[in-house]
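[1] Need a 3D model of the following:
(2 chains)
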Amino acid sequence: MVNFKKLTLAIALTGTLALAACGGGSDDSSNGSNGSSGSNNEETGSKQQVLLDGSSTVYPIMEAVAEEYAGVAPEVDVSVGVSGSGGGFEKFTKGEIDISNASRPIKDEEAQAASDNGIEFTEFEIAYDGLSVVVNKENDWVDQLTIDQLKQIWIEDGSTKKWSDIDPSWPDEEIAFYSPGADSGTFDYFNEVVLEDEPIVQSATLSEDDNVLVTGVAENKNAIGYFGYAYYAENTDTLKVVPIVNPETNEAVEPTNETIESGDYAPLSRPLFIYVNNEAVKDESVYNFVEFTLENAGELATDVGYVSLPSERYEEALKTLEGLK
Amino acid sequence: MRLIDQNKVTSNMKPRIVRNKIYKYIFLAATTLCLIVLAVLFARVLKQGLPHLDWQFLTSTPSRKPEQAGVYSALIGTMWMMAVVIPVTFIIGVGAAIYLEEYAKKNKFTTFIETNISNLAGVPSVVYGLLGLTLFARAFALGQSVLAAGLTMSLLVLPVIIVAAQEAIRAVPKEIREASYGMGATKWTTIYKVVLPTAIPSILTGAILAISRAIGETAPLVVLGIPLFLIQTPTSIFDSFTALPMQIYNWTGRPQAEFQDIAAAGIIVLLALLILLNSIAVLIRNKFSKKF
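    Okay, here's the model as predicted:
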């Protein structure tokens, strides 16, 4: 019995503590609502904070930037979330975060939501990603594809897709499809450039985990898939990348750091963005962080498997940033 | 005359013994299957993660370089979150169970509520994340704090602990209760001195399940917008934090194979923390399980 008393006492104590804490919480929130905007920056008072959220594709770059920035300005508390491009914009347009990471441009309705809430923002490109179309290593028939062929391969038309449907000299084997999930920015971009809003083949394996796609294509001779360049770059020994014909020059271009940066690998190169809240940038710690990002994003993006923009683009961006001060 | 026909007994016994054996092997197979799956998973995680598990891994913050990345901020963050989840679920969960079993009238409305609590246990965790985002993070202005995440996770696991505690309280023998009343004890004294000490071992079994679920859930945290990269560790329950399952999830999705290895190391840390928490529960359970 004595033991049981001790146990209940302990639980009661922690309970009281938790309740006291909850009480503190409601106090805190009422203070917040008395304040002007109730943003996180104000609630924490003197602490310098920079809040980022958004795309998981952009996350590795911002993780690298935040990591390096902690070495330069350890007093600033940088936090980076991964709610996805959509989730990030949702918080951004409500003024809950300072910077939104995105693997696609802001949508009209999201921009509308921002202006409804009186939030002005500026878009910065920070790096490129080259969507890489890959096939199995043993696939010796595909040596290049045009966007039209890609569309023919990937859209649902009710038939069973065989390689020989695309080119009669290719084998009479069923194609296996591997694609990123429909919620991802990668799918959005592929949809915009290749599918043009037509449905993707029903037999496609959709996965949010790009490593599943890598394994799928690497293990099936008749497979085709696409994903961000970094996933190809890490798996060059198990995958074969397909050069894509650039519609403007009519030349097949393989994705590499050089061809993506120069823009020759088109149209499957896509920019990655950060959206900055113009009001938040007036705060010195946010301004310095964005400045640091634009100065270092190129090098750090290359480090984590993305492609840097041409350096003059970063200089232009820095000028734009200065205008926001 | 012999009362028992030995031949008949022998002929009847044989199929019974065979049936007995068959069932034994079916159950053995069920157990082995679970153990094999667990062993394979565990062996894989250990093989992949152990070489990367060192002091540096435990004391470093997230990094783009796998060899420098660590779980320090995530480990401390998860501990903070559990420090909210455990007392909140235990007090509210056991409290609700006591009310439903001991005080509430047994009518259709109570049954309706009880059924709904059981159903809540099956609601996808993302839904709780959305609830937490609207209610705790936004309406209560708690933001991406330890408290907001802790309360969300508490909601998620409350059904588990309430149902377990109800079962435990219901299983307390009627005679013991009546003996207590017979001695002149009030209802509360009976609950506090007799029912709870008897029920606590089974309640703790429920608590173990609840804790295990809360510590490993990722989806509600992602929906709440809990940051993934954070160097600072929380100093109060109103600070933002990052959690182990989120780091692990992120690492498994990275293109570099090294990140997948440290994800395995992260899983080992998470398992170790879970075993530590659960062993405390088991210790308390063993203390009380010899009562009646």
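[2] Please list all residues in contact with the closest residue in space to B:V194 that isn't next to it in sequence.
    Once flanking residues are discounted, B:V194 sits nearest to B:S180: 4.6 Å by Cβ to Cβ, 6 or more residues apart in numbering or on different chains. In short, each C-beta sits where N, CA and C put it, glycine included. B:S180 makes contact with B:189-190, B:193-194 under the criterion Cβ atoms under 8 Å, 6 or more residues apart in numbering or on different chains.
[3] and B:I169, what helix or strand is that in?
    Taking DSSP states H and E as the definition, B:I169 sits inside helix B:146-170.
[4] Show me which residues of the stretch 151-292 of chain B sit near chain A.
    B:192-193, B:196-197, B:200, B:222-223, B:225-232, B:237-238, B:240, B:242, B:246, B:250, B:252-257, B:260, B:284, B:287-288 (Cβ under 8 Å from any Cβ of the partner chain).
[5] In PyMOL, how would I select just the buried ones from the residues you listed?
    PyMOL command restricting those to the buried ones, with burial defined by 16 or more other Cβ atoms under 10 Å in any protein chain shown:
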select buried, chain B and resi 192+196+197+200+222+223+225+226+227+228+229+230+231+232+237+238+240+242+246+250+252+253+254+255+256+260+284+287+288
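[6] about what we covered before: can you give me the buried ones in the helix holding B:I169?
    Across helix B:146-170, burial judged by 16+ other Cβ under 10 Å covers B:146-169.
[7] same check, this time on stretch A:253-269
    A:253, A:255-257, A:259-261, A:264-269.
[8] What of stretch B:276-284?
    B:277-278, B:281-282, B:284.
[9] And stretch A:316-325, by the same measure?
    Judged by neighbour count using 16+ other Cβ under 10 Å, the buried positions of stretch A:316-325 are A:317, A:321, A:324.
[10] export the residues you listed to a markdown table and tack on secondary structure, distance to A:A114 and pLDDT?
    Below are these laid out as a markdown table (DSSP: H, G, I helix; E, B strand; the rest coil; distance: Cβ to Cβ, whole Å; pLDDT from 0 to 100):
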| residue | secondary structure | distance to A:A114 | pLDDT |
| --- | --- | --- | --- |
| A:A317 | helix | 20 | 93 |
| A:L321 | helix | 19 | 93 |
| A:L324 | helix | 15 | 87 |
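[11] Dump these to CSV, plus distance to B:S63.
    Listed next are the buried residues of stretch A:316-325 as CSV, based on distance: Cβ to Cβ, whole Å:
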residue, distance to B:S63
A:A317, 25
A:L321, 26
A:L324, 30
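[12] what helix or strand is A:V142 on?
    For A:V142, there is no host helix or strand (DSSP H and E).
[13] I figured it hits A:I244, correct?
    No: the pair A:V142 / A:I244 is not scored as a contact, 11.1 Å apart, by Cβ atoms under 8 Å.
[14] more crowded one of the two?
    Just comparing A:V142 and A:I244: by other Cβ atoms under 10 Å in any protein chain shown the higher neighbour count belongs to A:I244, 28 against 19.
[15] For the more buried one, give the beta-bridge partners.
    On the basis of DSSP bridges, A:I244 takes part in beta bridges with A:L145, A:V253.
[16] didn't it look like it was pressed against A:V133?
    Yes: A:I244 sits in contact with A:V133 when judged by Cβ under 8 Å, with a separation of 6.3 Å.
[17] Could you name every residue contacting both of these two?
    Taking Cβ under 8 Å, 6+ apart as the criterion, A:I244 and A:V133 both touch A:145, A:150, A:268.
[18] which residues touch the nearest residue to the last one once chain neighbours are set aside?
    Counting by Cβ to Cβ, 6+ apart, the nearest residue to A:L268 once its immediate chain neighbours are dropped is A:L131, at 4.2 Å. By Cβ under 8 Å, 6+ apart, the contact list for A:L131 reads A:186, A:189-190, A:226-229, A:255, A:268-270.
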